[in-house]
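Engineer: Just a sequence and a predicted model for now, questions to come.
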Amino acid sequence: MHQRRERWASLGTTDTSAPRPGGKSKPYHKKQKHELGRPVANTKIGPHHIHTIQVWGGNKKYRALRLDVGNFSWGSECCTHKTRIIDVVYNASDNELVCTKTLVKNCISHYALPLGCRKGKIQKYDERKKNSKISSLLEEQFQQGKLLADGYVLEGKELEFYLREIKARKGK
């Protein structure tokens, strides 16, 4: 007696490569949770809202849906601070991401001065301030209480370039 095999193919998007040529191959296992084709996070500026996601190997990833703080480093001063993100100012790939204030990799954002740090760190930074030289453009931003950053504080020619780009986009 011949038993009929059921073909199972559940619907839903998966993170697989492009379809291969030739005949349709039979599935050798059901779709796994970690193989899901997930939507883009489109992280916005707002109160802290993060989802945990189960990934390959039972590990976890964290998808930020809204963020209001970030960790920014200042290269010339050799320091890093957790600070408040104020605004997305420039994005090379798409101007719509600036309008919707979407935080993505390589977007230029405004951030406020540090939230606060320990007394020992403050003394260490005060000693560094004695020998440091800050450009006039960066000093202007400090007086406003806002700095342009891309995971790190923009300085020198890079800062000049992005200020020109932002001014040109505002002029349109």
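Structural biologist: Received, thanks.

Engineer: and the lengthiest helix in the chain, which residues are buried?
Structural biologist: Among the segments of the chain that qualify as a helix by DSSP state H, the longest is helix 156-171. For helix 156-171, the neighbour count (16 or more other Cβ atoms under 10 Å) marks 159, 162-163 as buried. From N, CA and C alone the C-beta is placed, and that goes for glycine too.

Engineer: how about the lowest-mean-pLDDT helix or strand in the chain: buried residues?
Structural biologist: Least confident element among the helices and strands of the chain, by mean pLDDT, DSSP states H and E: strand 108-114 (a mean of 72). Residues of strand 108-114 classed as buried: 108-111, 114 (neighbour count, 16+ other Cβ under 10 Å).

Engineer: Pipe these into a markdown table and attach distance to residue 148 per row.
Structural biologist: Formatted as a markdown table, the buried residues of strand 108-114 follow (distance: Cβ to Cβ, whole Å):
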| residue | distance to residue 148 |
| --- | --- |
| 108 | 6 |
| 109 | 7 |
| 110 | 6 |
| 111 | 8 |
| 114 | 16 |
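
Engineer: quick one: the helices in the protein?
Structural biologist: With DSSP H as the criterion, the chain has helices spanning 96-99, 119-131, 136-144, 156-171.

Engineer: and those helices, which one's lowest on average pLDDT?
Structural biologist: Lowest mean pLDDT of the helices of the chain: helix 119-131, a mean of 75.

Engineer: Good, we can wrap up now.
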